[in-house]
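Undergrad: Build me a model:
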Amino acid sequence: MKTLAIAEFPAKEGKFDELEAILREALPDTRAFDGCISIQTYLHPESGTFTLIEDWESPEHYARYLAWRMENGLGGMLGELLEGGIAAFKPRTFVATDI
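TA: Coordinates of the predicted model:
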């Protein structure tokens with residue numbers, strides 16, 4: 001079942017450039033991950049928040065991706081750069097419906 005994920009990455013003050021660099025480096029691997037259909041990135045300049053709109057083949061594909069990112073250390077790196085730390089990272093997911 002196709003899944004939409006919306007993930008926000010609000011940069012801590014003074015950490016915007018580091019966050020942008022990590023996202024630029026990480027997103028090609030995300031786009032190549034099994035089950036990733038597409039990712040669009042948006043920036044809210046006033047708050048320094050990146051928003052990713054991600055299409056995945058299924059909730060399971062997205063869950064495997066998130067687990068992989070935590071295992072490979074990206075979660076820890078991001079936690080140091082995000083306002084509120086990694087605990088504040090709470091992507092919202094939606095499953096496709098045929099209504």
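
Undergrad: residues of the lowest-mean-pLDDT helix or strand in the chain that come out buried?
TA: Ranking every helix and strand in the chain by mean pLDDT, DSSP states H and E puts helix 74-79 at the bottom, with a mean of 88. Within helix 74-79, the residues that count as buried by 16 or more other CB atoms under 10 Å are 74, 77-78. (Each C-beta comes from the backbone N, C-alpha and C, glycine too.)

Undergrad: Which other helices and strands does it contact?
TA: helix 16-32 (3 or more CB pairs under 8 Å, 6 or more residues apart in numbering; DSSP states H and E).

Undergrad: Let me see the contact set for residue 17.
TA: Residues near residue 17 by CB atoms under 8 Å, 6 or more residues apart in numbering: none.

Undergrad: just residue 42 next, same as before
TA: For residue 42, the contacting residues are 50-53, by CB under 8 Å, 6+ apart.

Undergrad: In CSV: the buried residues of helix 74-79, plus distance to residue 67.
TA: Listed next are those as CSV, based on distance: CB to CB, whole Å:
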residue, distance to residue 67
74, 11
77, 16
78, 15
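
Undergrad: quick one: which of the contacts of residue 42 is most hemmed in?
TA: residue 50 (19 neighbours; other CB atoms under 10 Å).

Undergrad: so how far is residue 71 from that one?
TA: 22 Å (CB to CB, to the nearest Å).

Undergrad: Over to residue 19?
TA: Taking CB to CB, one finds residue 19 at 20 Å from residue 71.

Undergrad: Between those two, which is the more surrounded one?
TA: residue 19 (22 against 9).

Undergrad: what's the spacing between residue 4 and residue 38?
TA: Distance from residue 4 to residue 38, by CB to CB: 10 Å.

Undergrad: Which one of these two is surrounded by more residues?
TA: Set side by side, residue 4 and residue 38 show more neighbours around residue 4, with 15 against 9, by other CB under 10 Å.

Undergrad: Which residue comes closest to the more buried one once chain neighbours are left out?
TA: residue 94 (4.5 Å; CB to CB, 6 or more residues apart in numbering).

Undergrad: residues near that neighbour, how many?
TA: 11.
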